[in-house]
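Visitor: Need coordinates for the following:
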Amino acid sequence: MTDATAPSATAPDAPAVAGAEGTTIVVDHPLIQHKLTLMRRSRTPANEFRQLLREISMLLAYEVTRDTPLELIEIETPLEKMMAPVVAGKKLCLVSVLRAGGGILEGMLDILPAARVGHVGLYRDPVSLAAVEYYLKLPRDISERTAIVLDPMLATGNSAAAAVSEVKAAGCQSVKFVCLIAAPEGLKAFHSVHPDVPVYAAAVDSHLNDHGYIVPGIGDAGDRIFGTK
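Guide: Numbers count the residues shown, from 1 in each chain. Presented below is the predicted three-dimensional model:
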């Protein structure tokens with residue numbers, strides 16, 4: 001796992017994010033990178049694409065929860081009583097950015113079944129590329145939880161920033177953002193709005209094209225997850 005402001009030890013050619021505020025963590029585990037390569041291939045069918053995303057999401061969940069606080073409770077093993085660690089306080093809230101965020105949500109819930117789930121519905125205006133909200137449903141006690149906002153692609157950064165703003169507006173003080181692939185332009189825009197929110201990504205790609213798509217990327221994540229194009 002590496003900070004995107006420095007080249008990865010396992011991927012020396014990975015792009016750096018020069019001058020970006022905030023923290024970007026590139027999770028460069030070999031299994032994640034292998035599965036991401038399979039997802040990038042244009043000939044990968046939707047069912048395999050979904051399964052690969054689910055598997056990568058489980059691995060990302062392991063990293064993004066690494067700093068989760070623990071507390072000791074007394075339990076009884078078959079041999080004796082002991083003080084053993086469990087997650088302290090209220091658990092996590094996973095916030096899926098519709099519609100593509102659902103592809104990450106499934107894998108995260110496999111690892112974090114006790115997490116509450118929220119949804120933010122956003123679409124990108126095809127002309128301005130601005131995020132337009134159409135749905136919002138968050139747990140009432142989200143202010144007492146750590147929220148992990150999920151969206152496969154951090155492209156322009158507009159949708160990610162808008163989703164995190166809604167989570168903060170609901171009172172959440174601890175927020176993280178998880179994506180599959182980020183663009184340098186999106187990271188810069190996101191951190192300019194939320195410098196306190198760390199971004200976890202499997203890769204930081206080269207740039208955005210004229211249509212706001214990440215290059216080389218994986219194409220439209222939602223369409224590839226659901227086979228709608």
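
Visitor: residues touching the residue nearest the centre of the chain, list them.
Guide: Computing the C-alpha centroid of the chain and ranking residues by Cα atoms, centre = their mean puts Val178 first, at 1.4 Å. Taking Cβ atoms under 8 Å, 6 or more residues apart in numbering, we find Val178 in contact with 60, 64, 104, 108, 148-151, 199-201. All C-beta atoms are positioned from the backbone trio N, CA, C, and that covers glycine.

Visitor: Just the buried ones from those, in PyMOL syntax?
Guide: Buried residues among the contacts of Val178 (16 or more other Cβ atoms under 10 Å), as a PyMOL selection:
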select buried, resi 60+64+104+108+148+149+150+151+199+200+201
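
Visitor: Name the nearest residue to the residue nearest to the centre of the chain, ignoring sequence neighbours.
Guide: Nearest non-adjacent residue to Val178, counting by Cβ to Cβ, 6 or more residues apart in numbering: Tyr200, 4.7 Å away.

Visitor: Give me the buried positions along the strand or helix carrying the residue nearest to the centre of the chain.
Guide: For Val178, the host element (DSSP states H and E) is strand 174-182. Applying a neighbour-count criterion of 16+ other Cβ under 10 Å, one finds 175-182 buried in strand 174-182.

Visitor: do the same with stretch 57-68
Guide: For stretch 57-68, using 16+ other Cβ under 10 Å, the buried residues are 57-61, 63-65.

Visitor: I'd like the list of those residues that fall within helices, please.
Guide: 57-61, 63-64 (DSSP state H).

Visitor: quick one: which of these is nearest to Glu144?
Guide: For these, the residue nearest Glu144 by Cβ to Cβ is Val64; the value is 18.7 Å.

Visitor: Surely the closest one and Ala202 touch.
Guide: No: Val64 lies out of contact with Ala202 (Cβ atoms under 8 Å); the separation is 11.5 Å.

Visitor: which strands and helices sit next to the one helix or strand Thr37 maps to?
Guide: Thr37 is located in helix 30-40, with elements delineated by DSSP H and E. Under the contact definition 3 or more Cβ pairs under 8 Å, 6 or more residues apart in numbering; DSSP states H and E, helix 30-40 sits against helix 46-64, strand 174-182, strand 199-204.

Visitor: Widest-spaced pair of the buried residues of strand 174-182?
Guide: Longest span within these, Cβ to Cβ: Val175 and Ile181, 19.9 Å.

Visitor: circling back to that earlier point, gap between the residue nearest to the centre of the chain and His29?
Guide: Look at Val178 and His29: by Cβ to Cβ, to the nearest Å, they are 14 Å apart.

Visitor: Which strands border the host helix or strand of Ile148, and is each parallel or antiparallel?
Guide: Assigned by DSSP H and E, Ile148 falls within strand 146-150. Here strand 146-150 is paired, per DSSP bridges, with strand 92-98 (parallel), strand 174-182 (parallel).

Visitor: And the next helix or strand past the strand or helix carrying Glu74?
Guide: Using DSSP H and E, Glu74 falls within strand 70-76. Going down the chain from strand 70-76, the next helix or strand is strand 81-87, by DSSP H and E.
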